[in-house]
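Novice: sequence first, predicted coordinates after that:
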Amino acid sequence: MCGIVGVVSNAPVNQLIYDALLLLQHRGQDAAGIVTQQERKFFMQKAKGMVRDVFRTRNMRSLPGNCGLGQVRYPTAGNAYSEEEAQPFYVNAPFGIVLVHNGNLTNAHALKAELFNTDHRHINTESDSEVLLNVLAHEIEATTRGLPLQPRDVFEAVRKVHRRIKGSYAVIAMIAGHGVLAFRDPFGIRPLCMGRGDGTVLLASESVALEGTSHKFDRNIDPGEAVFIDLQGTVHAQQCADHPVLNPCIFEFVYLARPDSVMDGISVYQARLNLGETLAKRVISTVPPNEIDVVIPIPESSRPSAAQLAQLLGLPYREGFVKNRAVGRTFIMPGQSVRKKSVRQKLNVIASEFKGRNVLLVDDSIVRGTTSREIVQMARDAGARKVYMASAAPPVRYPNVYGIDMPTSDELVAHNRSVEQIRQLIGCDALIYQDVEGMKKAIGSLNPAITGFDASCFDGVYVTGDITADDIARLNANRAGGDEGAEDNSRLALPNHAD
């Protein structure tokens, strides 16, 4: 999962891109990059680290121009620790193209061989984004055949790209001397939207990046659609997919996106409130409300669901955990014992909210379960009589192949286990999960135009229809970070939204 930005303006864009990336920092903290264009020349700065660390004053001064791209990276493929895989990526022909990408190509391995053997293009990293860039460059070159580039040529090239690549992708590319191109996969799995300001057209992964930079939200980019913004700011758009259908990733609404974003017509905050409503019904069927003294969220994304659940059940809502924002993410820690230590460094209990009480802990989701087990023990150590746990999402039983770095199947606590077996592993007195259909209905009701979601990590249905067991095994083998990959619970090793 990554955050991407693209802009065409009548004024310098370096500060605007920087500000937009800060608003998308929750989508990736491993690396950041900005590229701008002035007089057909690209100026680029990218490195490992957070936005505030990668860009200093001297870097910003070296990024002139009125159009550009930016990305914050959370790796799901390739080498998580390789600075050369930070984006944007660049190829010098045709025209000169730079690209940023959010998603994951499920056929990147086959495409890489195809590019080398048939298209005679060289891929220098393990990143699927570099593969995507070279496919796009090849198709633009084949379409234009040395002639001047026109918007219709760009759309024809994207049409060919859609037919070659599979998986999830929201893409923004800049073509030297011509403009900025954006397109979205035919299923709309990963988000992308467009806004406008005074003499500026801005593209971003989430609406919060538009509103937070004083741009007015215009619209979402449709699944399969391509948008080309020329250097004068004129927007050209065309549907380039054969059979587009909107199936956005439901985990964006469960956890990934900022609560103040609106994605594909759905308020992320309202979606989480709705999840709390449906979860409340599940709680009642498992634990009588009169046996619960207090509802406590596990920071941060579960707060709306926990608050709504508490209100519906007539129970007190309390903050029982305080997050230390200075602690590094636990997923990079070498070894399980260090991970467990880091959980206690990262979260501290307010003991008075637990002592002598039956507490219901609410989390947005549970992945590995080891952090959940540690949090349950922290509640007991603080004096809780009973500890119940509720998840606003269903059991995560299957790997994600569309751009979220989840563990392999064997590492998922819910894989091939019953809820009772999971409860025993976590150590809580009762465990309540959201159900899949309830989740889809709660979120889908906010936009009836959406007829389906990618909920593959919950239901095992991969909407692109091309995923086999062999594909999952190969993708798991290439999963960034190996055993030190995603964290064990709802955080998925992703940064705090408030950071």
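Specialist: Thanks, I have it. Residues are numbered from 1 along each chain as shown.
Novice: residue 289 is in contact with residue 314, correct?
Specialist: Yes - counting by Cβ atoms under 8 Å, residue 289 is a contact partner of residue 314 at 6.8 Å. Yep, even glycine has a C-beta here, placed from its N, CA and C like the rest.
Novice: which one of those two has more residues nearby?
Specialist: Under the criterion of other Cβ atoms under 10 Å, the comparison of residue 314 against residue 289 puts residue 289 first, with 15 against 8.
Novice: got the contact list for the more buried one?
Specialist: With contact set as Cβ atoms under 8 Å, 6 or more residues apart in numbering, residue 289 has these partners: 283, 313, 314, 315.
Novice: right, and the helix or strand after the lowest-mean-pLDDT helix or strand in the chain?
Specialist: Evaluated with mean pLDDT, DSSP states H and E, the helix-and-strand set of the chain has its lowest mean pLDDT in helix 336-346, which scores a mean of 63. Per DSSP states H and E, the first helix or strand lying C-terminal to helix 336-346 is strand 347-349.
Novice: can you flag the buried ones in the contacts of residue 289?
Specialist: A residue is treated as buried here by neighbour count (16 or more other Cβ atoms under 10 Å); on that basis the buried members of the contacts of residue 289 are 283, 313, 315.
Novice: which residue sits farthest out from the middle of the protein?
Specialist: residue 356 (38.8 Å; Cα atoms, centre = their mean).
Novice: and that residue, how far from residue 386?
Specialist: According to Cβ to Cβ, to the nearest Å, residue 356 stands 10 Å off from residue 386.
Novice: check residue 367 too.
Specialist: Applying Cβ to Cβ, the value for residue 367 to residue 386 is 24 Å.
Novice: okay, the two: which has more neighbours?
Specialist: Summary of the neighbour comparison: residue 367 and residue 386, criterion other Cβ under 10 Å, with residue 367 having more neighbours (27 against 17).
Novice: mind listing the helices for the stretch 1-150 of the chain?
Specialist: Under the criterion DSSP state H, counting those that start in this stretch, the stretch 1-150 of the chain contains helices at 14-23, 51-54, 57-61, 108-117, 128-144.
Novice: and the helices in the stretch 201-350 of the chain?
Specialist: 208-211, 251, 268-284, 303-313, 336-346.
Novice: closest to residue 225 out of the ones you listed?
Specialist: Distances from residue 225 to each of the helices of the stretch 201-350 of the chain were compared using Cβ to Cβ; the shortest belongs to helix 208-211, at 17.6 Å.
Novice: and the helices of the stretch 1-150 of the chain as JSON lines, adding mean pLDDT and mean neighbour count?
Specialist: Written out in JSON lines, the entries for the helices of the stretch 1-150 of the chain read as follows (pLDDT from 0 to 100; neighbours: other Cβ atoms under 10 Å):
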{"stretch": "helix 14-23", "mean pLDDT": "98", "mean neighbour count": "23"}
{"stretch": "helix 51-54", "mean pLDDT": "96", "mean neighbour count": "17"}
{"stretch": "helix 57-61", "mean pLDDT": "95", "mean neighbour count": "12"}
{"stretch": "helix 108-117", "mean pLDDT": "93", "mean neighbour count": "16"}
{"stretch": "helix 128-144", "mean pLDDT": "96", "mean neighbour count": "23"}
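Novice: mind putting the ones you listed into CSV with distance to residue 271?
Specialist: Shown next, in CSV, are these (distance: least, Cβ to Cβ, whole Å):
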stretch, distance to residue 271
helix 14-23, 19
helix 51-54, 26
helix 57-61, 36
helix 108-117, 31
helix 128-144, 28
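Novice: compare the ones you listed and give me the one nearest residue 305.
Specialist: Shortest distance between residue 305 and those, using Cβ to Cβ, is found for helix 14-23: 23.0 Å.
Novice: how far off centre is that closest one?
Specialist: How far helix 14-23 lies from its chain's middle: 18 Å, per Cα atoms, centre = their mean, to the nearest Å.
Novice: hang on, the earlier thing: report the two of the contacts of residue 289 separated the most.
Specialist: 283 and 314 (12.0 Å).
Novice: buried set for stretch 41-49?
Specialist: If you call a residue buried by 16+ other Cβ under 10 Å, then stretch 41-49 has these buried ones: 42, 43, 44, 45, 46, 48.
Novice: how much space between the residue lying closest to the fourth one once chain neighbours are set aside and residue 33?
Specialist: In space, not counting the residues next to it along the chain, residue 45 is nearest to residue 59; the distance is 4.6 Å by Cβ to Cβ, 6 or more residues apart in numbering. Residue 59 sits at a distance of 11 Å from residue 33 (criterion: Cβ to Cβ).
Novice: find residues that contact each of the two.
Specialist: Between them, residue 59 and residue 33 have residue 45 as joint contacts when contacts are counted by Cβ under 8 Å, 6+ apart.
Novice: surely residue 467 and residue 399 touch.
Specialist: No - counting by Cβ under 8 Å, residue 467 sits too far from residue 399 to count as a contact (9.5 Å).
Novice: between those two, who's got more neighbours?
Specialist: Under the neighbour definition other Cβ under 10 Å, residue 467 and residue 399 were set side by side, and residue 399 has more, 26 against 21.
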